[in-house]
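S.K.: Pasting a predicted model and its sequence here:
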Amino acid sequence: MPQIKLVTLGIALLVAIPLFAHHPFSVEFDGKKPVSLSGVVTKFDWANPHAYLHVQVRDAEGMTRNWNFEMGALSALQRAGWTKDTVKPGDKVSIEGWLARSPGRPTTANMKTILFESGLQLSGASSNGHTDPRETP
């Protein structure tokens with residue numbers, strides 16, 4: 001009987017781990033700090049729990065910075081019209097989003113929307129849930 005309880009506890013813990021791993025938007029990103037950037041895609045990580053888009057951005061001083069944009073889960077991105085082939089290295093894009101809260105991550109943001117040179121605009125499937133970046137999540 002003790003083995004059954006131990007196995008049941010083990011299964012319950014394994015099922016609960018993903019719940020603890022997920023973070024709310026407001027823990028990592030600041031809905032009061034919108035950012036709008038344009039640059040060239042260097043990499044697209046199509047993976048759960050969040051997809052990431054890596055973009056080279058030239059700042060006002062002419063320096064190139066590598067930005068990382070967290071996106072939603074793959075299922076949410078697919079509902080928004082994304083596939084793993086939607087964006088490729090070399091694509092020129094404009095992105096709106098919200099900056100990371102951590103001062104140690106000055107080039108990290110959560111993606112609200114992306115605009116491609118073709119005119120296609122897609123949601124980043126953010127967990128923020130707000131359409132106006134000035135709103136507090």
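M.R.: Everything's here; your move. Since this is a predicted model, take the numbers as computed values, not measurements.

S.K.: isn't there a helix covering residue 27?
M.R.: Yes: counting by DSSP: H, G, I helix; E, B strand; the rest coil, one finds residue 27 located in a helix.

S.K.: Please name the nearest non-neighbouring residue to it.
M.R.: residue 101 (7.6 Å; C-beta to C-beta, 6 or more residues apart in numbering). Glycine gets a C-beta too; all of them are placed from N, C-alpha and C.

S.K.: I'd like the average pLDDT over stretch 29-40.
M.R.: In this model, stretch 29-40 carries a mean pLDDT of 95.

S.K.: where does this protein have low pLDDT?
M.R.: Scanning the chain for pLDDT under 70 picks out 1-24, 129-137.

S.K.: Kindly recompute the last result at 50.
M.R.: 9-10, 12-22, 130-137 (pLDDT under 50).

S.K.: Mind jotting down where the helices sit in it?
M.R.: 2-21, 25-28, 74-79 (DSSP state H).

S.K.: Just the C-alphas of the last one, formatted as PDB.
M.R.: Coordinates of each C-alpha in helix 74-79 appear next as PDB, following Å, rounded to 0.1, in the frame of the first residue of the first chain:
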ATOM      1  CA  LEU A  74       2.900  27.400 -30.200                       C
ATOM      2  CA  SER A  75      -0.900  26.600 -30.000                       C
ATOM      3  CA  ALA A  76      -1.700  30.300 -29.500                       C
ATOM      4  CA  LEU A  77       0.700  31.300 -32.300                       C
ATOM      5  CA  GLN A  78      -0.900  28.800 -34.700                       C
ATOM      6  CA  ARG A  79      -4.400  30.300 -33.800                       C
END
